[in-house]
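Asker: take a look and give me a structure for this.
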Amino acid sequence: MVQRMRWALATAIVLVAAGAALAGETALNRQDVTVIKKKLVEVQAALGALPEGYVVNREDFNLPTDASETDGGYEPAYASASFRYDGGSEQMARKSSEELEAEYRKKMMEMQAAGDYEGLARLSQEMVKKATEAQMAADGARREPVDVEIRANGGPVATIDPDAVVCEGPGYIALRQDNYDGNATVVLYCDPVGLKDTQTLARIDLSEGRTPSKAKTTWRHVAVELTGPRDVVEAWAKSIDKAKVLAQVDR
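Answerer: This is a model prediction of the structure:
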């Protein structure tokens, strides 16, 4: 009995050691991470011009530091980047305020030099009125923010609802999902192999076929998710440079 226990324990240790050898972790170097971030930046550039009235609020990169070894190669490492674009009134109001201030400063200095104090009083009232109108106009033009997330090697899975297809072509398809808050999420999936002919698919499954790679920085596929007002994210997804996104995939 003792001998059998010792044999079982020895066998377990060998199996664990073999498993560790097959699936170890290799640290990425600075150049590896630079390659991965450059790809994320290229996908961001493929988004093109921001929708009218939107400005960058925040950006964040989630970069890998290790690569998993498997079957004589590397498991494609996950990487992502997230961005928030504001369509708020604050920037518009600030710009209008600065323009008004510059315009009225000159007029007030001229009236002060001429001793026209009644004119100064009227000018002050006019300035307050225009500033209020500018703020109201900016508030009226306000749009909900748009959040964008780029995900590489995430292995997404999704059902293709024909009525939810925003755009598609060789190697890519964009699907829309309406949210409870009145906004929508559009996800653009890009994979030149798995999505070679989207017309033949009823389902997206990029979690399979993740064959080992000789490079630690390989991208098998990439997804771009946009969440915000439906008209904005749909139009934006259609305008993305799909060829530029697909060019970052290493298949």
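Asker: CA only for contacts and neighbour counts going forward, please
Answerer: Fine.
Asker: can you give me the strands in this protein?
Answerer: 25-27, 55-62, 66-70, 73-75, 79-87, 143-152, 157-159, 165-169, 172-178, 184-190, 203-205, 222-228 (DSSP state E).
Asker: I'd like these as TSV, with mean pLDDT, distance to residue 237 and mean neighbour count appended.
Answerer: Output for the strands of the chain, formatted as TSV (pLDDT from 0 to 100; distance: least, Cα to Cα, whole Å; neighbours: other Cα atoms under 10 Å):
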stretch	mean pLDDT	distance to residue 237	mean neighbour count
strand 25-27	89	35	14
strand 55-62	94	17	13
strand 66-70	89	31	19
strand 73-75	89	29	21
strand 79-87	95	14	20
strand 143-152	94	11	21
strand 157-159	96	17	12
strand 165-169	98	8	17
strand 172-178	97	7	21
strand 184-190	98	7	24
strand 203-205	95	18	15
strand 222-228	97	8	24
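Asker: identify whichever of these lies nearest to residue 36.
Answerer: strand 79-87 (7.6 Å; Cα to Cα).
Asker: what's that closest one in contact with?
Answerer: With contacts defined as Cα atoms under 8 Å, 6 or more residues apart in numbering, strand 79-87 is touched by 36, 40, 53-64, 142-154.
Asker: roughly how far does residue 51 sit from residue 87?
Answerer: 9 Å (Cα to Cα, to the nearest Å).
Asker: mind listing the helices for the stretch 101-250 of the chain?
Answerer: Using DSSP state H, counting those that start in this stretch, the helices of the stretch 101-250 of the chain run over residues 117-140, 230-239, 242-246.
Asker: would you single out the least confident of these?
Answerer: Lowest mean pLDDT within the helices of the stretch 101-250 of the chain: helix 117-140, a mean of 66.
Asker: distance of residue 166 from residue 118?
Answerer: 60 Å.
Asker: burial measure for residue 244, as a count.
Answerer: Applying other Cα atoms under 10 Å, we find 15 residues neighbouring residue 244.
Asker: surely it touches residue 40?
Answerer: No: contact between residue 244 and residue 40 fails when scored by Cα atoms under 8 Å: they sit 11.3 Å apart.
Asker: quick one: the residue nearest to residue 32 when sequence neighbours are not counted and residue 70, what's the gap?
Answerer: Leaving aside its sequence neighbours, residue 32 sits nearest to residue 217 (Cα to Cα, 6 or more residues apart in numbering; 6.2 Å). Counting by Cα to Cα, the gap from residue 217 to residue 70 is 14 Å.
Asker: swap in residue 212?
Answerer: 7 Å.
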